[in-house]
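Enquirer: I need the structure of the sequence given here:
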Amino acid sequence: MPAAFRAPAGQSPGDFIAGYAAEHGFSGTILVQKGGRTVFERSFGLANREHNVPNTRHTVYWAASITKLFTATLILQLAEQRRLDLDGTIGTYLPDYRGEAAARVTVRQLLNHTSGLRNIDAIPNIEDERQAIRAQVEDAVRHDRLPLYQTPYSSDDLLRKFCSDPLVNAPGKVFDYNNADYIILGKIIERAYGKPFGAVLGERILAPLNMRHSGLMRHQEVVPGLADAYSLGADRRTLQHDMPVYPENWYAAGALYSSAGDLLRFANALFGGRLIGRPMLDQMTTPGLDRYGLGLWVYDTKAGGVMHRVAKRPGHIMGTQSQLYRFLDSDLTVILLSNAGTMDLDDFVAAIGKRMLE
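Expert: The predicted structure is shown next:
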């Protein structure tokens, strides 16, 4: 464990979490479940800095790429229903898809980010507004399209304009974390059900689990209780508003908003076998390239002198950060949702997990 995370002798895990969060300026909500009960739940910082509105246990956050775990679950449900073959190609389920990946890339390769498609998130420095705008404009000119996240696009537009480029790697050979993969999966889900992705998400996961504080973000819609997001400025000390984006353009790859309590409901249902059965859950949590399974990372970590198997689903878009961290061999789940990019949540969530098992 890094020196920064060493706790004083005798300090409780709860005191460690609260102390580290306060010391490093964490802004958001932390929820820890162990042994079937909530052992830590606390919010820090401000949901809105202009009006001094605090984050609370009821605050809703942009969950970013935790969305991918929901999308993967919906795909595996289709596979369970025998309405989809994970080793079937894109073209099998989207016959009007125009791109060489149609006949070469499988659903499984989309799920595990080995599609070989050009990465649509290669535009650098989205946190640096000037560099991001310049890079977006250069991309727009080169490909005859408007910027990806600063322009309103329908999901059909996203598929056609950004997710149908020629392959840059042989399918199945290279791990490349790419939002395009999950945008395509979202369209496959829509085609299978004949409904918008958000409607399927609501019917198959959110409503059955009573996740009343979750949904898909859209620029035009007001989400009650949603925290504003803040990024560090160029001086790496001052917080500023995130640059303007259309969150719906992350679609099935990252548009979900949720509360910590709702995400815990989802985690319990997923890993408890209530959303997909054990065979599909085993496939989801079998690591491949880069230790990535189907929608999440899976790896071993040492805690309390014992090796444990962990499933991790992080998210990060500008000042928004999120973590869903589950010990697969212990009833321990850590949820972190943050609306300010002030600290490294990867280190923090791992440290919380280890402290809880010491």
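Enquirer: immediately after the helix or strand of the chain with the lowest mean pLDDT, which helix or strand?
Expert: Within the chain, no helix or strand scores below helix 129-143, which has a mean of 70 by mean pLDDT, DSSP states H and E. Following helix 129-143 in sequence order, the next helix or strand is helix 155-162 (DSSP states H and E).
Enquirer: tell me the buried residues in that following helix?
Expert: S155, L158, L159, R160, K161, F162 (16 or more other CB atoms under 10 Å). (Glycine included, C-beta is placed from N, CA and C.)
Enquirer: dump those residues into a markdown table; add pLDDT and distance to A227 as well.
Expert: Converted to a markdown table, the buried residues of helix 155-162 look like this (pLDDT from 0 to 100; distance: CB to CB, whole Å):
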| residue | pLDDT | distance to A227 |
| --- | --- | --- |
| S155 | 96 | 25 |
| L158 | 95 | 26 |
| L159 | 97 | 30 |
| R160 | 95 | 33 |
| K161 | 92 | 31 |
| F162 | 92 | 28 |
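Enquirer: what is the nearest of these to L86?
Expert: L159 (19.8 Å; CB to CB).
Enquirer: so that closest one makes contact with I184?
Expert: Yes. In this structure, L159 is within contact of I184 by CB atoms under 8 Å, at 6.6 Å.
Enquirer: overlap in contacts of the two?
Expert: Common contacts of L159 and I184, defined by CB atoms under 8 Å, 6 or more residues apart in numbering, comprise L94, Y97.
Enquirer: tell me what D300 is bridged to.
Expert: R309 (DSSP bridges).
Enquirer: list the contacts of the residue lying closest to Y193 once chain neighbours are set aside.
Expert: Nearest residue to Y193, sequence neighbours excluded (CB to CB, 6 or more residues apart in numbering): V200, at 4.8 Å. If you count contacts by CB under 8 Å, 6+ apart, V200 has them with L74, I189, E190, Y193.
Enquirer: tell me how many other residues surround the third one.
Expert: I take that to be E190. 20 (other CB atoms under 10 Å).
Enquirer: state the phi and psi torsions of it.
Expert: Main-chain dihedrals, E190, degrees, to the nearest 10: phi -60, psi -40.
Enquirer: how much space separates the residue nearest to it when sequence neighbours are not counted from E41?
Expert: Closest residue to E190 apart from its sequence neighbours, by CB to CB, 6+ apart: F197 at 5.3 Å. According to CB to CB, to the nearest Å, F197 and E41 sit 30 Å apart.
Enquirer: all strands for the stretch 51-200 of the chain, in order.
Expert: For the stretch 51-200 of the chain, the strands defined by DSSP state E, counting those that start in this stretch cover 53-54, 61-62.
Enquirer: may I have the strands that pair with the first one, each with its orientation?
Expert: The reference is to strand 53-54. strand 46-48 (antiparallel).
Enquirer: kindly report the same for the last one.
Expert: Strand 61-62 has these partner strands in its sheet, going by DSSP bridges: strand 256-258 (antiparallel).
Enquirer: just checking the distance from the strand it pairs with to the centre of its chain.
Expert: Remark: strand 256-258 is offset 9 Å from the chain centroid, using CA atoms, centre = their mean, to the nearest Å.
Enquirer: I figured A229 hits S322, correct?
Expert: No. Judged on CB under 8 Å, A229 makes no contact with S322 at a distance of 11.1 Å.
Enquirer: what about V334, neighbour count?
Expert: Neighbours of V334 using other CB under 10 Å come to 27.
Enquirer: with A192 instead?
Expert: With other CB under 10 Å as criterion, A192 counts 17.
Enquirer: then A234?
Expert: 11.
Enquirer: so it, which of the three states?
Expert: Recorded secondary structure, A234: coil (DSSP: H, G, I helix; E, B strand; the rest coil).
Enquirer: backbone phi and psi for it, please?
Expert: Torsion angles, degrees, to the nearest 10, at A234: phi -60, psi -30.
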